[in-house]
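[1] okay, structure incoming, though there's no sequence with it:
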């Protein structure tokens, strides 16, 4: 089976890796370098802690196992895979009650979540007086561009090919089934299946393939400090982060997220706003993120920022990714719309897409087991334009 994967970000690389490892004939096409879109603008989160029980958490739990397996196969240093764990902290007793109720639901779904009364025992540099939190030992981090490159190189070792070019349209046969894609230079890449892994541009690529999706850009900023000695041990974020992730608001929302990197810098987020593809630097967002981080970790008041970067999360209206075959165009599969969770969910997405392509269950990745992710859910709820 010939498979064309459109998109060389972390999700496209994972799809190519799993499909090529299964013996499929894979070509990955992207108009830019590996990881040049949303992947290169993210923090590399591999999180269970921020997901409600349901299909996304199921995908995250499978991905967490597959990230460990990828680390064993490719070498953890090639991914900068760190099983650092996450610490979610509450600022008030009321927030702590809500956080622990949320954690109890996750525990019932198979997530390891440990109540913590003295959060400074895990993070000594936290502000004093915080009432408590929840520790998630399964949370991890990778360096997203390195991870995408490593997965794609492994796919190439299994026979996959890569090429640079913009996909302008799909080609179809008389029965309406996809037969390939046409790129901007006029090349037609033949395919029995085409995987739309175009991230924030997944809606537009879907339209070009005859299967449009409503995927919107949601801008976010990340601040980077000067390199420091190890000061932050876990991914640490405030309890309101989960609510902001699930919000439908178009306006600016910020919540405090702080974590260290292997290189010694500290990453500070997170902001969300729907402003189209506007890349304008907004000093007010930088100020809000820095202030929130200093409240959580007072030592940051004396630390220099060296840069701020921004990117666009591929946002779906119901906050779930679109993974699987499109009923409108046989042979088209989607693997996009992951919002800010693409890095964490990439391996399981690749496994599910491969299972669909092979027409069978793959090591627990059953194509029929995640109907909440399939494109037809959006057809029935109005998420896909007619």
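    On my side now, so go ahead. These numbers were taken from a predicted model, which means no experiment stands behind them.
[2] in stretch 105-119, which residues are buried?
    Across stretch 105-119, burial judged by 16 or more other C-beta atoms under 10 Å covers 106-107, 109, 111, 113, 116, 119. C-beta: built from backbone N, CA, C; applies to glycine.
[3] stretch 315-333 now?
    315-316, 319-326, 328-329, 331-333.
[4] of all those, which two lie farthest apart?
    Using C-beta to C-beta, the buried residues of stretch 315-333 span at most 27.3 Å, a distance reached by 319 and 331.
[5] got any ranges where the stretch 151-300 of the chain has weak pLDDT?
    Applying pLDDT under 70 to the stretch 151-300 of the chain flags the ranges 243-250.
[6] which parts of it are helices?
    Using DSSP state H, counting those that start in this stretch, the helices of the stretch 151-300 of the chain run over residues 202-208, 240-246, 283-296.
[7] closest one to residue 353 among those?
    Nearest of these (C-beta to C-beta): helix 202-208, 13.2 Å.
[8] ok, back up a step: buried deepest among the helices of the stretch 151-300 of the chain, which one?
    helix 202-208 (a mean of 22; mean count of other C-beta atoms under 10 Å).
[9] count of neighbours near the closest residue in space to residue 296 that isn't next to it in sequence?
    Counting by C-beta to C-beta, 6 or more residues apart in numbering, the nearest residue to residue 296 once its immediate chain neighbours are dropped is residue 256, at 5.0 Å. Number of residues near residue 256 (other C-beta atoms under 10 Å) recorded here: 24.
[10] does residue 256 touch residue 237 like I think?
    Yes - in terms of C-beta atoms under 8 Å, residue 256 counts as a neighbour of residue 237; the distance is 6.2 Å.
[11] so what sits against both of those two?
    Residues touching both residue 256 and residue 237 (C-beta atoms under 8 Å, 6 or more residues apart in numbering) are residue 270.
[12] which strand or helix spans the most centrally placed residue in the chain?
    In the chain, the residue lying closest to the centroid (C-alpha atoms, centre = their mean) is residue 342, at 1.5 Å. Element membership of residue 342 [criterion: DSSP states H and E] is helix 342-358.
[13] mind giving me the packing neighbours of that helix?
    If contacts are counted by 3 or more C-beta pairs under 8 Å, 6 or more residues apart in numbering; DSSP states H and E, helix 342-358 sits against helix 10-21, strand 45-46, helix 55-74, helix 144-157, strand 322-325, strand 332-336.
[14] just want the angle from it to helix 144-157.
    Inter-element angle recorded for helix 342-358 and helix 144-157: 20 degrees (by axes from the mean of the first three to the mean of the last three C-alpha atoms, to 10 degrees).
[15] residues in contact with the residue nearest to residue 288 when sequence neighbours are not counted?
    Excluding its sequence neighbours, the residue lying closest to residue 288 (C-beta to C-beta, 6+ apart) is residue 254, at 4.8 Å. With contact taken as C-beta under 8 Å, 6+ apart, residue 254 is in contact with 244, 270-272, 285, 288-289, 292.
[16] just residue 299 next, same as before
    Taking C-beta under 8 Å, 6+ apart, one finds 125, 231 in contact with residue 299.
[17] residue 257 now?
    Per C-beta under 8 Å, 6+ apart, neighbours of residue 257: 43, 235-238, 241, 267-270.
[18] re earlier: and the pLDDT for the residue nearest to the centre of the chain?
    At residue 342, the model reports a pLDDT of 96.
[19] and it, what does it touch?
    Neighbour list for residue 342: 9-11, 38-39, 42, 199, 313-314, 321 [criterion: C-beta under 8 Å, 6+ apart].
[20] a markdown table for those, including distance to residue 183?
    Compiled in a markdown table, these are given as follows (distance: C-beta to C-beta, whole Å):
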| residue | distance to residue 183 |
| --- | --- |
| 9 | 18 |
| 10 | 22 |
| 11 | 20 |
| 38 | 21 |
| 39 | 21 |
| 42 | 27 |
| 199 | 18 |
| 313 | 26 |
| 314 | 22 |
| 321 | 25 |
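[21] closest to residue 130 among these?
    residue 42 (26.8 Å).
[22] grab the nearest non-local neighbour of that closest one.
    Leaving aside its chain neighbours, residue 42 sits nearest to residue 144 (5.1 Å; criterion: C-beta to C-beta, 6+ apart).
[23] tell me how many other residues surround the one you found.
    Neighbours around residue 144, by other C-beta under 10 Å: 25.
[24] report the beta-bridge partners for the residue nearest to residue 190 when sequence neighbours are not counted.
    Spatially, and ignoring its direct neighbours in sequence, residue 190 is nearest to residue 180 (4.3 Å; C-beta to C-beta, 6+ apart). Note on residue 180: beta-bridge partners by DSSP bridges are residue 171, residue 190.
[25] from now on call the first residue 800
    Got it, the first residue is 800 from now on, which makes the last one we talked about residue 979.
[26] which residues touch the residue lying closest to residue 857 once chain neighbours are set aside?
    Nearest-residue entry for residue 857: residue 1169, 6.5 Å, with adjacent residues in sequence omitted and distances by C-beta to C-beta, 6+ apart. Residues in contact with residue 1169, defined by C-beta under 8 Å, 6+ apart, are 854, 857-858, 1122-1123, 1151.
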